[in-house]
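**Q** pasting the structure only:
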């Protein structure tokens, strides 16, 4: 017999459903929501962790942070004031956050924009056009992200070569590792009905760019045509934190979500870049780009999309597999 849901429980379940659209490393969707009465608890799903690319679960936690911020924005845009308790139980490291509706809320314009941008945001791996993203626009994105507690550094044009070298090094080192190649093949050749992973048709054939991107189809397969652009007008933003622990990783994910949604609102396409932070050697190289001390967590490429149809969005697994799952 099904028990009737309270309005708060319905709202929390709806927000968790909206948050399933969040991007995640390799589209692993490494989260699990438990909705119980007036609480929504976000758990890390360690079964979906990338043991080669993400052995510490850092990017798993960043991905969960994106989902957390998506849920928060969905609730705020719907007029709910929400209490957020991050990492609430030291004895349960997989419990990353708990949301509770504590009253009504008058959403700000930024929250309304963020809430509506969730459904429109899709990772675009195509090279962006030569139309430059203005400094003022980048400043707005930085402000949106830094309200979540992390820092954002706009990579100066004089340092793009360092970023490009770091990306080339990351790609070469990872593809030379048989274990990484096996993990990549696993998550790019999932059955279509699974709703997870990065199908090769959502990837873009490798072409010259200002900064190379991860090759999701090194073993062949149908890919999206890259077009004639080369990311000439793209800008690169690096999210970093003061600490390097689960609390900081969760903050970085919330900042990433805020940046992505603000970019969509500004008419930009986006693509998170995590491969350059997956190896200690390339992550150390990125630290040289920061204005001070800090721990690089993830970068983002933003720009104006080329003409034509974008690649198909990556699919999502059924809601019942991630919200109050039976097992």
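**A** The structure has been received and is ready for your questions. If you're wondering where the values come from, they're calculated on a predicted model, not measured in any experiment. Numbers count the residues shown, from 1 in each chain.

**Q** show me where the protein has its helices.
**A** Assignment of helices within the chain using DSSP state H yields the ranges 7-19, 58-77, 109-117, 135-146, 160-175, 178-188, 246-265, 280-287.

**Q** how far is stretch 62-78 from where the chain is centred?
**A** 11 Å (Cα atoms, centre = their mean, to the nearest Å).

**Q** kindly apply the preceding question to stretch 107-121 instead.
**A** Worked out by Cα atoms, centre = their mean, stretch 107-121 lies 16 Å from the chain centre.

**Q** what's the first-to-last distance across that stretch?
**A** 20 Å (Cα to Cα, to the nearest Å).

**Q** residues contacting that stretch, please?
**A** Stretch 107-121 is contacted from outside by 18, 21, 23, 70, 73-74, 76-79, 144, 258, 260-262, 264-265, 270, using Cβ atoms under 8 Å, 6 or more residues apart in numbering. For the C-beta atoms, the positions are set from N, CA and C on the backbone; glycine is no exception.

**Q** repeat that with 6 Å
**A** Residues from elsewhere that reach stretch 107-121 (Cβ atoms under 6 Å, 6 or more residues apart in numbering): 18, 21, 70, 73, 74, 76, 77, 260, 261, 264, 265.

**Q** repeat that for stretch 281-297.
**A** With Cβ under 6 Å, 6+ apart as the criterion, stretch 281-297 contacts 62, 153, 159, 166, 169-170, 238-241, 244, 252, 276-277.

**Q** in CSV: those, plus neighbour count.
**A** Formatted as CSV, those follow (neighbours: other Cβ atoms under 10 Å):
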residue, neighbour count
62, 32
153, 20
159, 15
166, 27
169, 15
170, 24
238, 24
239, 29
240, 26
241, 21
244, 17
252, 31
276, 25
277, 25
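
**Q** would JSON lines of these with pLDDT and distance to residue 307 be doable?
**A** Output for the contacts of stretch 281-297, formatted as JSON lines (pLDDT from 0 to 100; distance: Cβ to Cβ, whole Å):
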{"residue": "62", "pLDDT": "98", "distance to residue 307": "32"}
{"residue": "153", "pLDDT": "98", "distance to residue 307": "31"}
{"residue": "159", "pLDDT": "96", "distance to residue 307": "30"}
{"residue": "166", "pLDDT": "97", "distance to residue 307": "30"}
{"residue": "169", "pLDDT": "97", "distance to residue 307": "33"}
{"residue": "170", "pLDDT": "97", "distance to residue 307": "30"}
{"residue": "238", "pLDDT": "98", "distance to residue 307": "29"}
{"residue": "239", "pLDDT": "98", "distance to residue 307": "29"}
{"residue": "240", "pLDDT": "98", "distance to residue 307": "34"}
{"residue": "241", "pLDDT": "98", "distance to residue 307": "37"}
{"residue": "244", "pLDDT": "98", "distance to residue 307": "41"}
{"residue": "252", "pLDDT": "98", "distance to residue 307": "33"}
{"residue": "276", "pLDDT": "98", "distance to residue 307": "28"}
{"residue": "277", "pLDDT": "98", "distance to residue 307": "32"}
